[in-house]
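A.B. asks: The following block contains a protein sequence and its predicted model.
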Amino acid sequence: MKMETVQSDITVVGGGLSGVCAAVAAARLGRTVSLVHNRPVLGGNSSSEVRVWVCGATAHGTNRYARETGIMGEMFVENQYRNPEGNPYLWDLIILETVRAEPNIRLFLNTDVHEVEADGDEQDRRIHAVTGWMMGSERRIRYESELFLDCTGDGLIGFLAGAKYRLGREAAHEYGEAWAPETADDITLGSTLLFYTKDAGSPVKFVPPSFAKDITQTPIPLKRVIRSGDSGCHYWWIEWGGELDTVHDNERIRDELWSVIYGIWDYIKNSGQFDAANMTLEWVGSMPGKREYRRFVGDYVLNQNDIIGQRQFEDRIAFGGWSIDLHPPQGMYATESGSKHMHADGIYHIPYRSLYSVNVNNLLFAGRNVSATHVAFGTTRVMATCAVMGEAAGTAAALCAEKGLSPRGLYEQELDLLQQTMLRQDASIIGLANADVADLARHASVTASSSLARIAVEEGGRRYPLTHDAGILFPVEPAMDGIELLVDVETDTVITVELWETGLLENYVPHRSVMKSFKHVAKGDRQWVPFQLAWQPDRSQNAFVIVRANSHVALYQAERPYTGVLAFERGAAPHAVQELEDHDPNQPIVEWSMKKLVRRPFCFRVRSETKAYAPDKAIDGYKRPYGGPHLWVSEPFASGTEQWLMLEWATPITAEEILLSWNDEVNEDLINLHHHRTPFNIIPELARNYRLEAHVDGEWQLIHAQRNNRRRTNRITLESRMETHALRIVVEETNGSPYAELVEVRVYGT
């Protein structure tokens, strides 16, 4: 047996998306990291071994402007370009290359950590080392670090270290949760196995194995959706084990899930009820995708009321948006719906105090084992949300190592540093502004070649009959005089519109009525109809205009998107497969859907100018939409022209590093595998070709040229220090948008 010792600043155990993002975040901040994973591929439940969709705050397009940025966002966007077909093996490569790009990470695959050295009393423990066995290589490796991250999902490392945890469901009285049971129990969400099918092109028979279950003798055919063309996560409901121990009974759960998968396939192939003669099994999972096990106790336990109330935590370091999504304990054998969902009115915030142990002073965690109740876990458990918590935990660990602080000490002494560091790295935080004193751009005056001063979606394509209430959302800054709608009217009628506020700046649903307007309209096509909606809110925010249903009226939809503008329809589309998912249609975010209208806004004009796209929005501190789009948008490119944004300082500065964040349209719902495809592989709003220029000795000098950019964040380190009083970002071409769109520019130096 070969015994080794590996020393690093931070040890991350668990190579799912939370562990990957934690390791990458810490490594990018200069810390050495050991990333230890017990499987041959990274990605956890998203990997080719399990193949679960990476879902997150967008909730399959339910939440607006909610796709994750930061490290998870980078992987989403890169996968969109390299793997538009959703090949699970190519997704493995995206994750692997994200890790291998960081020289500060040492990666240990096939290494199962099952020994922990820790000491101290029950209230104040410390981990000194963990030891793992590298399968296939017969290497026993001891990992020594100052800080440890448990990203194992099941929480084995923290458990062995003596960290406090919960297992099962809390009682309702503990946190005042409406969805918690009256009495605490050990019920969890079950595990799932998936399978893939394909058309073989000729008839294929299927002889079921002896252990295949006759599913006609179960509630499955009556209560679950079975179709011959579905595969993968369409069968997420093949779930079982919630009444067992999902770790210690893992093999029993796997065998039961196998029996049902082969039973379902026998039913599809041999019952005569499906068109499946040429269909064959391409892949069947062998590792149950676990949903739930231990949840550690941190300094704060996130609960249902925090989620639904969208609590504004002072220490927020990430956000989520998936519904509280709980499944019946009986899983696939339940006679009730496969899941029930409770939605907030928008995204919710996650506190840093839920990412470190209450009693192990050098342990952080991320993923499905964070400090949350069972009910709150029903939303935090989805993988993209786990990933952004991983980035936060990794960032915190790096700062703890740099400052010589415990995770709790970082919260108490350097919370602002943690949040500002994450914003600089483009992490997924909403509602916090850049306050980095080192960012020279914050003190510059900003001008541009042009900027959008008028919101006008005028090129109508398809007609949209107004059979349901429709919604239009757009920024108001500083005021509006009214709007005009492009309509067809079949007979003389009255059109009613209403102006609503959205409540919280991170929300995109009607919250409070401001005013109404009525207009008598004569019969006629393609009329621009004005409505008096004069409004000057006390702060810049989005307006939500409702156009009430009218069977005599049709709106028009544009063929291209308009940044900062969204379209909605009320109750026009079911939220999900109704036989499987229970969503209350009266929840505002379910009631008002944008899914069928993405990138096709309604045609309208705002009858006043706007400052929502002004040049100084690129330095206003907000990196995501928040009561407005918060980015500079130019006028459309004219033939052969360029658009530019210029920063000027009263006294010369010496630039060393420039950070640019382009608009990657976080309203666009991306996913890693086979849920859906977009009509483009690169986000069209991203700048494709641009250059940076510095004004030196009275002339503009080229300091950097970028070609074929497809990423949101570009970090440009200048080869030599350059003194200048002005910098210019010149956009030559985008990836398809007629506008230059820059979310943020930062400049570092002296």
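C.D. replies: Good, I have the coordinates.

A.B. asks: Can you list the low-confidence ranges for the stretch 451-600 of the chain?
C.D. replies: Residues of the stretch 451-600 of the chain meeting the criterion pLDDT under 70: 573-579.

A.B. asks: Helix or strand with the lowest mean pLDDT in this structure?
C.D. replies: Scoring the helices and strands of the chain by mean pLDDT, DSSP states H and E places strand 581-583 at the bottom, with a mean of 81.

A.B. asks: got the contact list for the helix or strand following it?
C.D. replies: As assigned by DSSP states H and E, the chain's next helix or strand after strand 581-583 is helix 588-591. Outside of helix 588-591, the residues within contact range by Cβ atoms under 8 Å, 6 or more residues apart in numbering are 62-63, 343-346, 509-511, 570-571, 575, 583-585. All C-beta atoms are positioned from the backbone trio N, CA, C, and that covers glycine.

A.B. asks: which of those residues count as buried?
C.D. replies: 62-63, 343-346, 509-510, 570, 575, 583 (16 or more other Cβ atoms under 10 Å).

A.B. asks: So which of the residues you listed are in strands?
C.D. replies: If you go by DSSP state E, the buried ones among the contacts of helix 588-591 have 570, 583 in strands.

A.B. asks: Which of the buried ones among the contacts of helix 588-591 sits closest to Thr335?
C.D. replies: Using Cβ to Cβ, His583 comes nearest to Thr335 of the buried ones among the contacts of helix 588-591, at 18.9 Å.

A.B. asks: So what's the residue count around Ile10?
C.D. replies: 29 (other Cβ atoms under 10 Å).

A.B. asks: Do I have it right that Gly201 meets Asn278?
C.D. replies: Yes. Assessed by Cβ atoms under 8 Å, Gly201 is found in contact with Asn278 at 6.3 Å.

A.B. asks: These two: which is more packed in?
C.D. replies: Higher neighbour count among Gly201 and Asn278: Asn278, with 13 against 8, using other Cβ under 10 Å.

A.B. asks: Spit out the contact partners of the more buried one.
C.D. replies: Here Asn278 is in contact with 199-204 (criterion: Cβ under 8 Å, 6+ apart).

A.B. asks: Find the nearest non-adjacent residue to Leu486, please.
C.D. replies: With sequence-adjacent residues excluded and distances taken as Cβ to Cβ, 6 or more residues apart in numbering, Leu486 is closest to Cys603, at 3.9 Å.

A.B. asks: Then Thr750?
C.D. replies: That would be Thr654: by Cβ to Cβ, 6+ apart, it lies 4.7 Å from Thr750.

A.B. asks: Would you list the phi and psi of that neighbour?
C.D. replies: With angles defined as degrees, to the nearest 10, Thr654 sits at phi -110, psi 110.

A.B. asks: Helix or strand: which one has Leu533?
C.D. replies: Short version: Leu533 belongs to strand 524-535, going by DSSP H and E.

A.B. asks: So in that sheet, which strands flank the helix or strand that that strand is followed by, and in what orientation?
C.D. replies: Counting by DSSP H and E, the element after strand 524-535 in chain order, helix or strand, is strand 541-547. Partner strands and pairing direction for strand 541-547 (DSSP bridges) are strand 470-476 (antiparallel), strand 493-501 (antiparallel).

A.B. asks: among those, which is nearest Phe680?
C.D. replies: Closest to Phe680 of the strands paired with strand 541-547 is strand 470-476 (Cβ to Cβ; 22.8 Å).

A.B. asks: Quick one: list the elements packing against the lengthiest strand in the chain.
C.D. replies: Counting residues, the longest strand found in the chain (DSSP E) is strand 713-734. Identification of packing neighbours for strand 713-734 by 3 or more Cβ pairs under 8 Å, 6 or more residues apart in numbering; DSSP states H and E yields strand 643-662, strand 687-696, strand 699-706, strand 741-749.

A.B. asks: Highest mean neighbour count out of these?
C.D. replies: strand 741-749 (a mean of 23; mean count of other Cβ atoms under 10 Å).

A.B. asks: Tell me the gap between that one and the middle of its chain.
C.D. replies: Its chain's C-alpha centre and that of strand 741-749 lie 23 Å apart, by Cα atoms, centre = their mean, to the nearest Å.

A.B. asks: how big is the angle separating it from strand 643-662?
C.D. replies: Here the directions of strand 741-749 and strand 643-662 differ by 80 degrees (axes from the mean of the first three to the mean of the last three Cα atoms, to 10 degrees).

A.B. asks: And the strands in the stretch 201-350 of the chain?
C.D. replies: Counting by DSSP state E, counting those that start in this stretch, the stretch 201-350 of the chain has strands at residues 239-240, 279-284, 295-296, 316-320, 324-326, 339-342, 348-351.

A.B. asks: Quick one: closest of the ones you listed to Met3.
C.D. replies: strand 295-296 (29.8 Å).

A.B. asks: what mean pLDDT does that closest one have?
C.D. replies: Mean pLDDT, strand 295-296: 98.

A.B. asks: list the contacts for the nearest residue to Tyr262 once chain neighbours are set aside?
C.D. replies: Nearest non-adjacent residue to Tyr262, counting by Cβ to Cβ, 6+ apart: Ala212, 3.9 Å away. The contact partners of Ala212, by Cβ under 8 Å, 6+ apart, come to 259, 262-263, 265-266.

A.B. asks: and the protein, what are its domains?
C.D. replies: 2-170+292-424, 191-284, 440-450+613-749, 454-609 (automatic domain parsing).

A.B. asks: got JSON lines for those domains, with distance to Trp179 too?
C.D. replies: Shown next, in JSON lines, are those (distance: least, Cβ to Cβ, whole Å):
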{"stretch": "domain 2-170+292-424", "distance to Trp179": "5"}
{"stretch": "domain 191-284", "distance to Trp179": "15"}
{"stretch": "domain 440-450+613-749", "distance to Trp179": "26"}
{"stretch": "domain 454-609", "distance to Trp179": "12"}
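
A.B. asks: Deepest in the core, which of these is it.
C.D. replies: domain 2-170+292-424 (a mean of 22).
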